[in-house]
Every structure is written in structure tokens, then in C-alpha cells.
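Participant: Here is the input, now give the coordinates:
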Amino acid sequence: MSKVSIIMGSKSDLPVAEKAIGILKKFGIGFDIAVASAHRTPARVEELVKGSSADVFIAIAGLSAALPGVVASFTVKPVVGVPVSGAVNMDALLSVVQMPPGIPVAAVGLDRGDNAAVLAAEIIAVNDEGVRKALVAYREEQAEKVIADSEKVVADVGC
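Facilitator: As a prediction, this is how the structure comes out:
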């Protein structure tokens, strides 16, 4: 069973989705992935969302980035929106964060498929001890990397 459903507005969003996939695999979280456009295939979006047993949706889209909101309109499960950078970044970003009352979408930064997956994992971890432990280990790895980076910078500068 997929715990996370990743829906991309177009195939060109795959590099952003791959960031999410890497994190989900690291945490051992099952996922599925599909391409469905909020504007060009709205019936497909509805079918994917309503037919999904996923606990969390990650919706990735650029340009007008309507996909996260459309996904949210078809479910009461959490939706994490990932705006994709492009010629006019603010359009995608604002489309994800400026949702009307009652239909929230959690938003991460431009192209931050990795953060979307971490947020999805945090949501799943509320009821999954294994994912919770994986998140704690992930945070520890991040802290260790920052400390190692600091030590390298100090050594490189010669302090």
C-alpha cells in the first residue's frame, strides 16, 4: 500500500519528484507517482485522488500551480504542494500558498520535493514509530553534516 501519492502536473516536474522519491525511499515509505494536469486532465486528477489509499499527497506543479489545490479539493487528507520554479516563480509559489478558507495546502519552497517528502514523513510518523525513528536519525545525520562542514571551513580558513 502506498502511503504517499505523488502527482506531477507534467513530466517536466520529474526532477523535483525525484528529490521526494529519494527521501521516501530513505525512510522506507511506499509511494506511487503519476502525471495529471489540473487543467488538461482534471477528471484524471479526481480519479487518482479519490481512488487513492495514500495517507498524504504530494502535488508538484509549476506555472499557475493549480494542481495542489485541485488535489486538496478532492480529499480531506493532507496535501503538500511543491511549486516548481520557472520564468515567473511567484505565480507558482502564490498559487500554492494562497488557498481559500477550508481547503488548505501545506507548502514547501520552490523545487523542494525533498522537504515535501520530509513533511509527508512527519505526518505519517504521528502514527508510525518506524518512520518517527527514521526521522530522528535523519535529523541527527543533518546535524552531524553541519558540524563536519563547520570543522572543514575552520580548517580551510586556518583559524
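Participant: C-alpha only now, for contacts and for neighbours.
Facilitator: Noted.
Participant: can you tell me which helix in the protein is longest?
Facilitator: Taking DSSP state H as the criterion, the chain has its longest helix at helix 129-157.
Participant: any idea how far that one is from the chain center?
Facilitator: 21 Å (C-alpha atoms, centre = their mean, to the nearest Å).
Participant: Mind listing what's buried along it?
Facilitator: Within helix 129-157, the residues that qualify as buried are 131, 132, 134, 135, 138, counting by 16 or more other C-alpha atoms under 10 Å.
Participant: Make TSV from the residues you listed and add pLDDT and distance to residue 125 to it.
Facilitator: Listed next are these as TSV, based on pLDDT from 0 to 100; distance: C-alpha to C-alpha, whole Å:
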residue	pLDDT	distance to residue 125
131	96	5
132	96	5
134	95	9
135	97	8
138	97	13
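Participant: In this structure, where is pLDDT below threshold?
Facilitator: Scanning the chain with the threshold set as pLDDT under 70 gives 1-2.
Participant: how close does residue 81 sit to residue 65?
Facilitator: Between residue 81 and residue 65 the distance is 9 Å, computed by C-alpha to C-alpha, to the nearest Å.
Participant: These two: who's more crowded?
Facilitator: Taking neighbours as other C-alpha atoms under 10 Å, residue 81 and residue 65 compare with residue 81 leading, 34 against 25.
Participant: Check whether the more buried one really touches residue 60, as I assumed.
Facilitator: Yes: the pair residue 81 / residue 60 is scored as a contact, 6.0 Å apart, by C-alpha atoms under 8 Å.
Participant: which residues are common contacts for these two?
Facilitator: Shared contacts of residue 81 and residue 60, defined by C-alpha atoms under 8 Å, 6 or more residues apart in numbering, comprise residue 68.
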